[in-house]
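Chemist: My questions are about this predicted structure, shown below with the sequence.
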Amino acid sequence: MRVLSVQKPVIVVHGGAGAWQPERRKAGLAGVKTAAKVGFDILNSNGSALDAVEVAVESMEDDPVFNAGLGSTLTIDKRVEMEASIMDGKTLKAGATSLLKDIKNPVHLARIIMENTDHMYIVGDGAEKLAQLFKLERRNPVTELRMKYWNRDMDKLKKDEMDYLPKMYRLLKENPDLFPLDTVGAVALDMHDNVAAATSSGGIALKFPGRIGDTPLIGCGTYADNEAGACSATGVGEIAMTLVLSKTVCDQMCSGISAQEAVENSIKTVNRRVRDTANRMGLIAVDKNGGIGVAHNSPDICYAYMRPEMDVPFAAMAGKIIK
């Protein structure tokens, strides 16, 4: 059997799949570069993959260009409901939370849940009590740009005569630049062969209040396992939930398939199994050998990665597009 040499450490981040508007593209690429660099600096200093993905995602939560933390999208009744998750591939422990209104860094609360409770997923009053107990920072995540998008989207939505959910999906299918799907995420492999993944999102624009997407659901939006690798998903959450996409990618990597093959195969599955609704999805992954994978069927995916031989991260608006 040929033994593959391991490339480590490595980090891959994404700022979301979808159609990136011209006014946001430059800032998006700069944002994922920054996130990849701060995460890689931790890895390169012998830090853990878990720390690296948390810091990388926090960097994007603090950047208003992304739909996570500051700059999160608004629900149909103009609320913010943020969600996040994090998973340690060494222990298979994870933490997740959702329906957050004003927590500065949702991914940090997810890690607190993972490390300081006996549970995996906490929302509502419990999440609020933990935030108070650990003195988490707060801020208003609504930005002028997201308010502008909300007003634009509502005007278009009101002109359609179909019922609410079919309206949203039809509009998304016919106008892929209408609804931002730019969840953020990070996957990493550290010097000790441990992988981790983290994902954070403001949810889909104009969603019904209380809707929870794939981001905080372990196996759907986020998964990490040292025997396979790590994956973070972005796009229409209902699709990632239906196909348990992040776990599907990791299962393939566990069988020896590379990260790139695994994400491509999984997007092909999306195209084959989900044909009757808008099916925009993007995936990033890292396998246990340090191989990276980026694939999507959306017009764009904003992503960046960094390896030891690189002085600066590589960033782009497109990976392997699967039609």
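Modeler: Perfect, I can see it now.

Chemist: residues making contact with the host helix or strand of residue 23?
Modeler: Secondary structure from DSSP states H and E places residue 23 in helix 22-44. Residues from elsewhere that reach helix 22-44, judged by C-beta atoms under 8 Å, 6 or more residues apart in numbering: 8-16, 20, 48-49, 51-53, 55-57, 59-60, 63, 65-66, 182, 184, 186, 188, 190-191, 302-306, 308, 312-313, 315-317. C-betas here are computed from N, CA, C, even on glycine.

Chemist: Pull out the buried positions in it.
Modeler: Using 16 or more other C-beta atoms under 10 Å as the test for burial, helix 22-44 gives 24, 28-29, 31-40, 42-44.

Chemist: before we move on, what about stretch 204-212?
Modeler: Here stretch 204-212 shows 204, 205, 206, 207, 211, 212 as buried, counting by 16+ other C-beta under 10 Å.

Chemist: And stretch 185-198, by the same measure?
Modeler: Buried, per 16+ other C-beta under 10 Å, within stretch 185-198: 185-191, 193-198.

Chemist: how about the helices of this protein, start to end?
Modeler: Counting by DSSP state H, the segments of the chain that form helices are 22-44, 49-61, 106-116, 124-133, 144-158, 164-174, 237-243, 245-254, 259-273.

Chemist: Just the buried subset of the contacts of helix 22-44, written out for PyMOL, thanks.
Modeler: Filtering these down to the buried ones (16+ other C-beta under 10 Å) takes a single PyMOL command:
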select buried, resi 8+9+10+11+12+13+14+15+16+20+48+49+51+52+53+55+56+57+59+60+63+65+66+182+184+186+188+190+191+302+303+304+305+306+313+315
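
Chemist: Would you check which pair of the buried residues of helix 22-44 lies furthest apart?
Modeler: 24 and 44 (29.2 Å; C-beta to C-beta).

Chemist: re the thing from before, and which of the buried residues of stretch 185-198 is nearest residue 100?
Modeler: Nearest to residue 100 among the buried residues of stretch 185-198, with distances taken as C-beta to C-beta, is residue 198, at 15.0 Å.

Chemist: Report the beta-bridge partner residues of that closest one.
Modeler: residue 86, residue 186 (DSSP bridges).
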